[in-house]
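Peer 1: my questions are about this predicted structure, shown below with the sequence.
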There are 2 protein chains.
Amino acid sequence: MSQLFLPRSMEPVYGYNPFSDCPLFRDLSVKQLFELRRCGTQIELGADEPIFDQFSPCTSVFNVISGAIVVERFADDGRRQIIGFLFPGDYLGIVNSARYEVAARSLTKSTLYRFGRKKLVDFSLHNHQLRRNIEHIMSNVFYRLMEQLFILGQKKAHERLCFLFVHLLERMPGATPEHIQLYMSRQDIADYLGLTIETVSRSLAKLKTDGLIHFPSINHLQILNVPAVRKLAAT
Amino acid sequence: MSQLFLPRSMEPVYGYNPFSDCPLFRDLSVKQLFELRRCGTQIELGADEPIFDQFSPCTSVFNVISGAIVVERFADDGRRQIIGFLFPGDYLGIVNSARYEVAARSLTKSTLYRFGRKKLVDFSLHNHQLRRNIEHIMSNVFYRLMEQLFILGQKKAHERLCFLFVHLLERMPGATPEHIQLYMSRQDIADYLGLTIETVSRSLAKLKTDGLIHFPSINHLQILNVPAVRKLAAT
DNA sequence: CGCTACATTGACAGCGTTCAAGGTAAGTGG
DNA sequence: CCACTTACCTTGAACGCTGTCAATGTAGCG
């Protein structure tokens, strides 16, 4: 069962059908689905392309269909906090604010479905099921943010790494403990976990030494001891 | 202009009229306001009383009328991350999830207005202005969470303290650079900023030495150099 | 082959944590 | 009114994790 791991930017993440798996579309009639599809269009992105800028008007909602997306926030002095890595099934810009509080870009070749916010809002005004679906998605986003606050406030470097690994294992289509492709750079990991790139490298080395993980190649992660990694990641 | 600062738990925070200042009620008609008020009741709390537990069913939305509230999240191993300190005008449980992801309790004697979630949701199904108001509140909550992620991921101890101070200055009714009452303990501050209580003490001492802040009494903070503190707090 | 970008490793310093002692203030009871 | 208790806060010393700076290693690409 050998699997070729291409360079980071070449291999998108597949395995998501927006018109059957999408939580936004859950329990809608065929007619409603048809109308809802007309609220947006599919867009294709190469690797490392911007989706929207920080503080730009919040006019679209995106659903990730394939690929990997990074959501990040920059301060004036150049410091960067990565808010999250998104995968097929995730949403971008689901919170209805005037401006995006964050920037988003593709890590890999990606496909998104882009909904016009106004159309979506108007539609949801008279479609209570759609509204419930949106609220459900929002509550998931919140849940994730609570976990992340906890991680950044309370956890050590190696625990933060395990948190990321468990997230990737659970959220990336097709990921198994033996095959987790890291689409993001070490710097991205560092900026996500509130660490430096050197600390990331050293903590990875420590986890390797302890026999919890293994790297067949630089961006191909194996989790050798899933329970131990989960325990370290616990929130 | 002397002002008596009572012990932490004795002096609530006032200065908010839910029926004129409340963003939930913005631009509603008198008739709608009347109906909306009937969706909830006012509740009074002493100091350090629970409002809801982590993972309990999310059946209410609260609006803080007076006092100070702390929102916190516990892990199995006892570690705690404080998510936020809430003051008059703030909301609790505005995100519609099945269970609260956090616990909430009063820091001081407090007054809350408690809305039944189902009533509020049913009302908002047919009142688009109310729905916009709820979305607006949610986007504020999000904005705050983004800032907090950045603070925990990227900032040094003394910068995190300044971030808290600026927040208190801006959000606590009646707060001025000369009079900021700290209703929370040093441990609460530590658990909010992802530090230990000792680091909080030492960083406070450093900020005092540098002439940025002053403590007339242990829980009465003065910001001597507001621009410098704001700069350190910048996100 | 050499260039470039990225990742790892090493040395060292410093910030923050840990453990421990001492200080402060409110509350209690003699 | 004052010692005593208790809870909370501050300070000190030592350690260690993480950051910084620098050198080395590695992989993709021209």
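Peer 2: Ah, there it is.
Peer 1: so which residue is dead centre in chain A?
Peer 2: residue A:86 (1.4 Å; CA atoms, centre = their mean).
Peer 1: could you measure from that residue over to DNA strand D?
Peer 2: Plainly put, residue A:86 is 24 Å away from DNA strand D if you go by CB to the nearest atom of the strand, to the nearest Å. Heads up, the C-betas are built off the backbone N, CA and C, glycines and all.
Peer 1: do residue A:38 as well
Peer 2: Taking CB to the nearest atom of the strand as the measure, residue A:38 and DNA strand D are separated by 39 Å.
Peer 1: next, count neighbours for that residue.
Peer 2: By the measure other CB atoms under 10 Å in any protein chain shown, the count of residues near residue A:38 is 10.
Peer 1: number of nearby residues for residue A:123?
Peer 2: Other residues within reach of residue A:123, judged by other CB under 10 Å, total 18.
Peer 1: go on, residue A:27?
Peer 2: Counted by other CB under 10 Å, the residues lying close to residue A:27 total 10.
Peer 1: same question, the one 5 residues further on
Peer 2: A total of 15 residues lie near residue A:32 under the criterion other CB under 10 Å.
Peer 1: with adjacent residues omitted, what lies nearest to it?
Peer 2: Excluding the flanking residues, the one nearest residue A:32 by CB to CB, 6 or more residues apart in numbering or on different chains is residue A:127, at 6.5 Å.
Peer 1: need the phi and psi values for the one you found.
Peer 2: Main-chain dihedrals, residue A:127, degrees, to the nearest 10: phi -130, psi 100.
Peer 1: any idea of the pLDDT on the residue lying closest to the residue nearest to the centre of chain A once chain neighbours are set aside?
Peer 2: Take residue A:86 and drop its neighbours on the chain: the residue closest to it by CB to CB, 6+ apart is residue A:69, 4.0 Å away. The pLDDT attached to residue A:69 in the predicted structure is 96.
Peer 1: what bridges to residue A:69?
Peer 2: When assigned by DSSP bridges, residue A:69 has beta-bridge partners residue A:86, residue A:106.
Peer 1: do the same with the one 4 residues further on
Peer 2: Here residue A:73 shows beta-bridge partners residue A:81, assigned using DSSP bridges.
Peer 1: neighbours around the residue in chain A that DNA strand D sits nearest to, how many?
Peer 2: Closest approach between chain A and DNA strand D, counting by CB to the nearest atom of the strand: residue A:199, at 3.0 Å. By the other CB under 10 Å criterion, the neighbourhood of residue A:199 contains 16 residues.
Peer 1: may I ask you to confirm that it belongs to a helix?
Peer 2: Yes: the secondary structure assignment for residue A:199 places it in a helix, going by DSSP: H, G, I helix; E, B strand; the rest coil.
Peer 1: so what are the domain limits for chain A?
Peer 2: Taking automatic domain parsing as the domain assignment, the record places the domains of chain A at A:18-153, A:156-233.
Peer 1: from the chain's centroid, how far away is the longest one?
Peer 2: With CA atoms, centre = their mean, to the nearest Å as the basis, the distance from the averaged C-alpha position of domain A:18-153 to the chain average is 10 Å.
Peer 1: what's the distance between the nearest residue to residue A:79 once chain neighbours are set aside and residue A:72?
Peer 2: Spatial nearest neighbour of residue A:79, chain neighbours left out: residue B:154 (4.7 Å); criterion: CB to CB, 6+ apart. Residue B:154 sits at a distance of 12 Å from residue A:72 (criterion: CB to CB, to the nearest Å).
Peer 1: what sits in contact with each of the two?
Peer 2: Between them, residue B:154 and residue A:72 share the neighbouring residues A:80-81, with contact defined by CB atoms under 8 Å, 6 or more residues apart in numbering or on different chains.
Peer 1: what's the local residue count around residue A:65?
Peer 2: By other CB under 10 Å, 24 other residues sit near residue A:65.
Peer 1: same question, residue A:62
Peer 2: 22.
Peer 1: if we can go back for a sec, hey, least reliable of the domains of chain A by pLDDT?
Peer 2: Lowest mean pLDDT within the domains of chain A: domain A:18-153, a mean of 92.
Peer 1: report the beta-bridge partners for residue A:92.
Peer 2: Residue A:92 has the following beta-bridge partners by DSSP bridges: residue A:62.
Peer 1: that one contacts residue A:70, correct?
Peer 2: No: proximity of residue A:92 to residue A:70 does not meet the contact threshold set by CB atoms under 8 Å, at 10.6 Å.
Peer 1: common neighbours of these two, please.
Peer 2: Contact with both residue A:92 and residue A:70 is made by residues A:86, A:104, according to CB under 8 Å, 6+ apart.
Peer 1: can you count the residues close to the residue nearest to residue A:86?
Peer 2: Here the neighbour count serves as a burial measure; for residue A:69 (other CB under 10 Å) it reads 24.
Peer 1: looks like residue A:196 contacts residue A:187 (just checking).
Peer 2: No: at 9.1 Å, residue A:196 does not count as touching residue A:187 under the criterion of CB under 8 Å.
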